[in-house]
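Trainee: dropping a prediction and its sequence here:
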Amino acid sequence: MADSGELLLKVTQLHKYFGERKVLDGIELQVEKGEVIVILGPSGCGKSTFLRCLNGLEPVQEGAIQYRGQNLAGAAVDWREVRQHIGMVFQNYELFPHMTVMDNILLGPLKVQKRELKEATQQAEQLLERVGLLERKLDYPRQLSGGQKQRIAIVRALCMNPEIMLFDEVTASLDPEMVREVLDVILGLAQQGMTMIIVTHEMGFAKSVGDRIVFMDQGKICEIAAPQQFFTHPATERAQHFLDIFQYEKL
Ligand SMILES: Nc1ncnc2c1ncn2[C@@H]1O[C@H](COP(=O)(O)OP(=O)(O)OP(=O)(O)O)[C@@H](O)[C@H]1O
């Protein structure tokens with residue numbers, strides 16, 4: 001999980017409003033291939049909105065988001081295409097309830113990427129094996145626990161072979177005993193060199209998975225630091241106050 005010097009994502013002076021209200025205020029961030037960025041910050045500071053902008057789920061009013069040099073903040077972006085490269089996993093899984101695990105996973109590879117059934121199924125099975133859920137491939141989402149559903153949602157995103165993965169508080173809806181199994185999958189991805197931007201409230205996890213911690217407050221990035229630095233000597237009082245609230249050694 002080290003950076004490679006190859007710039008994948010460059011965000012410049014990003015501003016986002018909901019009506020009159022400014023929610024992102026001049027965000028600047030660069031992400032290199034293989035880097036794991038963890039975004040921390042108080043509730044409502046704009047973390048999810050930022051990730052959603054990177055995936056085209058929210059329009060931005062000012063600034064640039066460049067993925068490998070292509071500006072994604074413009075009008076004529078084919079987000080269906082971009083989302084094959086920048087995958088996202090959400091807090092609430094968003095699996096289709098009327099489809100089996102396998103059909104959920106294969107939907108994108110077959111319908112969007114027009115891949116061969118045999119090849120895509122093989123990859124899906126390998127990924128399911130990796131997260132320990134191969135034997136559940138014919139189950140429906142209602143037959144799975146929250147942690148299992150979230151691992152399936154991760155497999156579904158990975159099966160598109162994205163270059164960057166965005167994780168938006170993916171353990172926030174889970175019972176405590178299921179949090180670990182999902183975090184372990186993400187830690188495994190980090191070890192394999194996947195480029196990721198992760199929004200989380202799990203401080204122990206943030207500390208162990210992140211190459212850099214990005215601390216946001218009120219729509220701005222207040223500091224960017226290595227985890228060791230951030231968790232021992234945060235540069236701002238706001239970050240210190242934020243850390244005081246979390247017993248991050250617990251996890
Ligand atoms: N669709 C929307 N319409 C209007 N305001 C919104 C919308 N989505 C988010 N907001 C507001 O934008 C601000 C940033 O929200 P966001 O969800 O990005 O914060 P967050 O840092 O991810 O918070 P949390 O940690 O609680 O999930 C909040 O004040 C929120 O109320």
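Mentor: Ah, there it is. Residues are numbered from 1 along each chain as shown.
Trainee: which residues does Arg212 bridge with?
Mentor: Here Arg212 shows beta-bridge partners Ile37, assigned using DSSP bridges.
Trainee: try Asp168
Mentor: In this structure, Asp168 bridges to Val199 when assessed by DSSP bridges.
Trainee: need the contact list for it.
Mentor: Contacts for Asp168 were tallied using CB atoms under 8 Å, 6 or more residues apart in numbering; they are Lys47, Ser48, Leu51, Arg52, Met88, Val89, Phe90, Gln91, Val199. Every C-beta, even on glycine, is put in place using the N, C-alpha and C of the backbone.
Trainee: quick check, the third one in contact with Val199.
Mentor: In other words, Leu51. Yes - in this structure, Leu51 is within contact of Val199 by CB atoms under 8 Å, at 5.9 Å.
Trainee: overlap in contacts, the two.
Mentor: With CB under 8 Å, 6+ apart applied, the overlap between the contact sets of Leu51 and Val199 consists of Ile39, Asp168.
Trainee: quick one: the closest residue in space to Ala226 that isn't next to it in sequence from the ligand, how far?
Mentor: Taking CB to CB, 6 or more residues apart in numbering as the measure, Ala226 lies nearest to Arg212, with 6.4 Å between them; neighbours along the chain are not counted. With distances defined as CB to the nearest ligand atom, to the nearest Å, the gap from Arg212 to the ligand amounts to 18 Å.
Trainee: my guess is Arg212 contacts Glu35, does it?
Mentor: Yes - taking CB under 8 Å as the definition, Arg212 is a contact partner of Glu35 at 6.9 Å.
Trainee: neighbour count winner among those two?
Mentor: Neighbour comparison, Arg212 and Glu35: the larger count goes to Glu35, with 24 against 19 (by other CB atoms under 10 Å).
Trainee: got the confidence number for that one?
Mentor: Taken from the predicted model, the pLDDT recorded for Glu35 is 98.
Trainee: ok, it touching Gly210?
Mentor: No - counting by CB under 8 Å, no contact exists between Glu35 and Gly210, whose distance comes to 9.2 Å.
Trainee: can you map out the strands along the stretch 101-250 of the chain?
Mentor: Chain-ordered strands for the stretch 101-250 of the chain, with DSSP state E, counting those that start in this stretch as the definition, fall at 164-168, 195-199, 212-217, 220-225.
Trainee: neighbouring strands - and their directions - for the last one?
Mentor: Looking back up the chat, that one is strand 220-225. Partner strands and pairing direction for strand 220-225 (DSSP bridges) are strand 212-217 (antiparallel).
Trainee: in the strand it pairs with, what counts as buried?
Mentor: The neighbour-count check on strand 212-217 (16 or more other CB atoms under 10 Å) flags Arg212, Ile213, Val214, Phe215, Met216, Asp217 as buried.
Trainee: who's the fifth one bridged to?
Mentor: If I follow you right, that is Met216. As assigned using DSSP bridges, the partners bridged with Met216 are Ile221.
Trainee: circling back to that earlier point, overlap in contacts of Glu35 and Gly210?
Mentor: With contacts defined as CB under 8 Å, 6+ apart, no residue is adjacent to both Glu35 and Gly210.
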